[in-house]
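S.K.: here you go, sequence then predicted model.
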2 protein chains.
Amino acid sequence: MSNMDQECLKYQKLYNWAHTLITSGVIKNMDKFPSEPSLQKKFGYSRQTVRTALQKLEEEGLVTRVRGSGTYVSYDCSKVNEERPQVGLLLSYYSDYLFPRVYDGIESCLTEKGYAIEVAVTKNRLNDEAIYLEGILKGDVSGLIIEGSRSAFPNPNIRLYKEIKRRNIPTLFIHNHYENMVFDSVEMSDKKCSYELTKLLIENGHRRIGGIFKYDDMQGIERYKGFIQCLSDYGVKFDDDYIRWYSTKDMEEKLSKKGLLRMYRRTKDCTAMIVYNDEVANYYMDFLEERGLHVPEDVSLVSFDDAELLDANNGAQLVSAIHPKYQLGRITAKNLLRMMEDEKWQEKNYSYRFPVKIKEGNSIQKIGR
Amino acid sequence: MSNMDQECLKYQKLYNWAHTLITSGVIKNMDKFPSEPSLQKKFGYSRQTVRTALQKLEEEGLVTRVRGSGTYVSYDCSKVNEERPQVGLLLSYYSDYLFPRVYDGIESCLTEKGYAIEVAVTKNRLNDEAIYLEGILKGDVSGLIIEGSRSAFPNPNIRLYKEIKRRNIPTLFIHNHYENMVFDSVEMSDKKCSYELTKLLIENGHRRIGGIFKYDDMQGIERYKGFIQCLSDYGVKFDDDYIRWYSTKDMEEKLSKKGLLRMYRRTKDCTAMIVYNDEVANYYMDFLEERGLHVPEDVSLVSFDDAELLDANNGAQLVSAIHPKYQLGRITAKNLLRMMEDEKWQEKNYSYRFPVKIKEGNSIQKIGR
């Protein structure tokens, strides 16, 4: 791919992300839009790329720049949606690199049927989850799509979820679910994907395999489960020093250079690493590169999500469990529509798990046993 | 209680703890015994109290002091036990303030029947758990009592636990259990106890209730579950800023003065706190006292375990869910004996949960609604 193509791709990704955030109502009319420097940092893009994307948004009237103050959203999606029946979409993150594709999948299906989507973001905080759920219960939604906050922990908003059940509001979880309440969910097969990735490493001769996992969402715990199950089945020794954990709260610190250095020091005997997702993989590869280390020559790396964003940045083609993104959004919306059309939805099962799909790459080195 | 009595009590507690550690084989012959300063710090006792206890141990020949080097264990429990059938006891901590009482309960029952107990301690590390389990599987034990390491997380030593099942070794968990494997367990009713403690606070008018919980053992998660369930049932608002979490790894930091200050700052609007156990309660009360704050006038406090150790240190009589300690040890040993006498134990249920018992105290202030 030429440099020009790569810049084009980056600009397009950033534009798409921002466009989705604004038109979906994740960032609302009059809200401040993230600053140029913060976008540069978040995406690792040049100032020029960020500027070009912002310019296009301004031309389309989605944002307005106020000299000396910043960029503001100038699009009111609630007006557009006024007359249509609503589906509530509660997400834990919007900075999530998968969000635009998942949203497109949901939206493509629901708007066709005349529904408007009311989006809210909890930033993985349970207080915010409570506030949005209360808001939703005061309003009038036909259905709900929810990504659980801190889903690895028992959820304290039990009362609100019970009320959702009581009112018979069709509800589907995406990406995860809570152990202390029963709702159907549409998810990738996190545990199975992790099992297959670990198996790939073992089949390529790796025996000292480290991991970086997130402990406050269910995806992290499921990915850990697949990993330990596979090690156990193949008789490969588990070493808890090789396992590093992080959470939403300490993410910034743990994935800082200092934090990554600490992780690296504990896992430097590992010939391979499995990491929570491509975002972490990207940080980790950048960190390794700065130390003059290479994937897969110095360490093999496997990951989750297949966030296409990353390949443009890096020579390595990461072996990664494919997150169904758009398809996940589509199936969630389709199943929710079926639930909304069926008064007896509570007696049926609308859960779905995607089959395992691994993206091939060159990030695994075969080593002698 | 007079000062003299208190000193006596402290000296006796320390002596009992050390005596149990040595005769049970938690600290083995020739091992270094904790230093005077570290014992002073651990128990918060005076140098004189620690010295008196060590002197008594030396007089009984359980330890030997080597000038300029330290104190060493001089008691070989493996010789004593040579000819007797073995029961393996795997614990996560020995510094645990409940350990001597629980051990006494187990021992009183098993020695009566001619069994020797082989003790090992994992310090909540999964690697150590694997090493000890492997050792046990190489030897010849008649039964196993296990306190799970990092029991809130799926356990990676699956292969070893499967082998224990395959060999039909009667096994009981104490204090907790793993979600990803099926063994019977003897536990206090952590969730129910927590529910009742929270209810007490609510009945006394408290609405802003904070909590300090441990997230890497099942007890912590169960205590959190009871807390959030009770808040939800009584319609009391949950605030995730009021909840602080710690783990084995960051315990020292989180319960340091700096760490407690950070916890206090986030929860200072709370009129009441529920904390993971009496050890944390003790640290927290000391911290409050230094700031000139009092329990219950400034903040009501409830806790778990009823570790008798604490009352001597503090004016406040802590309201605490009573851990059955000795009784828990007795029932575990009794049930294990029944399992060992029954070849078909796998088809039956030897789990036991103790009924809720709350120790009364003066650590809850009634407040107006």
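M.R.: Right, received. Where do you want to start?

S.K.: the closest residue to residue A:141 other than its chain neighbours sits in which helix or strand?
M.R.: Using CB to CB, 6 or more residues apart in numbering or on different chains and skipping the chain neighbours, the partner closest in space to residue A:141 is residue A:88 (4.5 Å). Every C-beta, even on glycine, is put in place using the N, C-alpha and C of the backbone. Taking DSSP states H and E as the criterion, residue A:88 maps to strand A:86-91.

S.K.: residue A:287: what's it in contact with?
M.R.: Contacts for residue A:287 (CB atoms under 8 Å, 6 or more residues apart in numbering or on different chains) come out as A:257, A:260, A:261, A:264.

S.K.: residue A:69: neighbour count?
M.R.: Using other CB atoms under 10 Å in any protein chain shown, residue A:69 has 8 other residues around it.

S.K.: quick one: the helices in chain A?
M.R.: Taking DSSP state H as the criterion, chain A carries its helices at A:3-23, A:36-43, A:47-59, A:77-80, A:99-112, A:126-138, A:158-166, A:190-203, A:218-233, A:251-254, A:257-267, A:278-290, A:326-340.

S.K.: tell me what the strand holding residue A:88 is packed against?
M.R.: For strand A:86-91, the packing partners by 3 or more CB pairs under 8 Å, 6 or more residues apart in numbering or on different chains; DSSP states H and E come out as helix A:99-112, strand A:116-121, helix A:126-138, strand A:141-146.

S.K.: which residues touch that strand?
M.R.: If you take CB under 8 Å, 6+ apart as the criterion, strand A:86-91 is touched by A:24, A:26, A:99, A:103, A:106, A:110, A:115-122, A:129, A:132-133, A:136, A:139-147, A:336.

S.K.: flag the shaky bits of the stretch 1-150 of chain A, pLDDT-wise.
M.R.: Counting by pLDDT under 70, the stretch 1-150 of chain A shows low-confidence ranges at A:1-5, A:79-82, A:95-96.

S.K.: what residues does it put near chain B?
M.R.: Selection of the stretch 1-150 of chain A residues close to chain B by CB under 8 Å from any CB of the partner chain yields A:125, A:126, A:127, A:130, A:150.

S.K.: give me the pLDDT for residue A:364.
M.R.: Model confidence at residue A:364, given as pLDDT, is 96.

S.K.: who in the stretch 201-350 of chain A is up against chain B?
M.R.: Within the stretch 201-350 of chain A, the residues that sit near chain B (CB under 8 Å from any CB) are A:215, A:221, A:224-225, A:228-229, A:231-233, A:235, A:237-241.

S.K.: identify the farthest-apart pair in those residues.
M.R.: Within these, two members stand farthest from each other by CB to CB: A:215 and A:235, at 25.9 Å.

S.K.: these two: which has the busier surroundings?
M.R.: residue A:215 (20 against 9).

S.K.: can you tell me how far that one is from residue B:245?
M.R.: Note on residue A:215: its distance to residue B:245, by CB to CB, to the nearest Å, is 10 Å.

S.K.: identify the contacts common to the two.
M.R.: With contacts taken as CB under 8 Å, 6+ apart, residue A:215 and residue B:245 have residue B:215 as neighbours in common.

S.K.: pLDDT, neighbour count and distance to residue A:58 for the contacts of residue A:287 - can I get that in JSON lines?
M.R.: Listed next are the contacts of residue A:287 as JSON lines, based on pLDDT from 0 to 100; neighbours: other CB atoms under 10 Å in any protein chain shown; distance: CB to CB, whole Å:
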{"residue": "A:257", "pLDDT": "91", "neighbour count": "11", "distance to residue A:58": "34"}
{"residue": "A:260", "pLDDT": "94", "neighbour count": "21", "distance to residue A:58": "36"}
{"residue": "A:261", "pLDDT": "95", "neighbour count": "12", "distance to residue A:58": "40"}
{"residue": "A:264", "pLDDT": "94", "neighbour count": "19", "distance to residue A:58": "42"}
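
S.K.: I'd say residue A:238 and residue A:224 touch.
M.R.: No - the pair residue A:238 / residue A:224 is not scored as a contact, 10.8 Å apart, by CB atoms under 8 Å.

S.K.: ok, those two, which is more surrounded?
M.R.: More crowded of residue A:238 and residue A:224, by other CB under 10 Å: residue A:224, with 25 against 21.

S.K.: mind listing what that one touches?
M.R.: By CB under 8 Å, 6+ apart, the neighbours of residue A:224 are A:194, A:211, A:213, A:243, B:153, B:154.

S.K.: so which of the residues you listed comes closest to residue B:57?
M.R.: Nearest to residue B:57 among those, counting by CB to CB, is residue B:153 at 36.9 Å.
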